[in-house]
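Asks: any chance you could fold what I've pasted below:
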Amino acid sequence: MLGECIMIFLFFIVLPITCLVFFFNLVSLLKKIRSETGYTTANTVFVALSFYCILFIFTFMIIGNIHPK
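Replies: Numbering: from 1, shown residues only. Okay, here's the model as predicted:
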């Protein structure tokens with residue numbers, strides 16, 4: 001029961017906040033990348049999607065490890 005409560009807390013509270021903070025940091029990072037490297041918008045979006053995929057994979061790995069079998 002405790003494991004499920006922790007998982008629900010992580011999934012509905014921590015994960016959205018983390019995603020919002022990560023998103024705003026990523027936006028400023030991408031502006032910096034575009035200004036310094038001259039990447040096009042498509043390349044920038046690809047980099048952003050790669051970051052998101054890595055973030056979600058790690059998040060679900062952590063949730064899977066916490067959740068009791």
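Asks: for the lengthiest helix in the chain, packing partners?
Replies: Criterion DSSP state H: the longest helix present in the chain is helix 41-66. The contact analysis (3 or more C-beta pairs under 8 Å, 6 or more residues apart in numbering; DSSP states H and E) places helix 41-66 against helix 2-9, helix 15-37. C-beta: built from backbone N, CA, C; applies to glycine.
Asks: starting at the chain centroid, how far to that helix?
Replies: On the basis of C-alpha atoms, centre = their mean, to the nearest Å, helix 41-66 sits 5 Å off its chain's mean C-alpha point.
Asks: tilt between it and helix 2-9?
Replies: Interaxial angle of helix 41-66 relative to helix 2-9 (axes from the mean of the first three to the mean of the last three C-alpha atoms, to 10 degrees): 160 degrees.
Asks: tell me what angle helix 41-66 forms with helix 15-37.
Replies: Using the same axes, to 10 degrees, the inter-axis angle of helix 41-66 relative to helix 15-37 is 150 degrees.
Asks: and helix 41-66, what's buried?
Replies: Within helix 41-66, the residues scored as buried using 16 or more other C-beta atoms under 10 Å are 44, 47-48, 51, 55, 59.
Asks: ok, now stretch 28-38?
Replies: In stretch 28-38, counting by 16+ other C-beta under 10 Å, buried: 30, 33.
Asks: okay, now the unreliable bits of this protein?
Replies: 1, 37-44, 66-69 (pLDDT under 70).
Asks: identify the residue nearest the spatially most central residue of it in space, chain neighbours excluded?
Replies: Geometric centre of the chain, nearest residue: residue 55, 3.9 Å, by C-alpha atoms, centre = their mean. With sequence-adjacent residues excluded and distances taken as C-beta to C-beta, 6 or more residues apart in numbering, residue 55 is closest to residue 22, at 6.4 Å.
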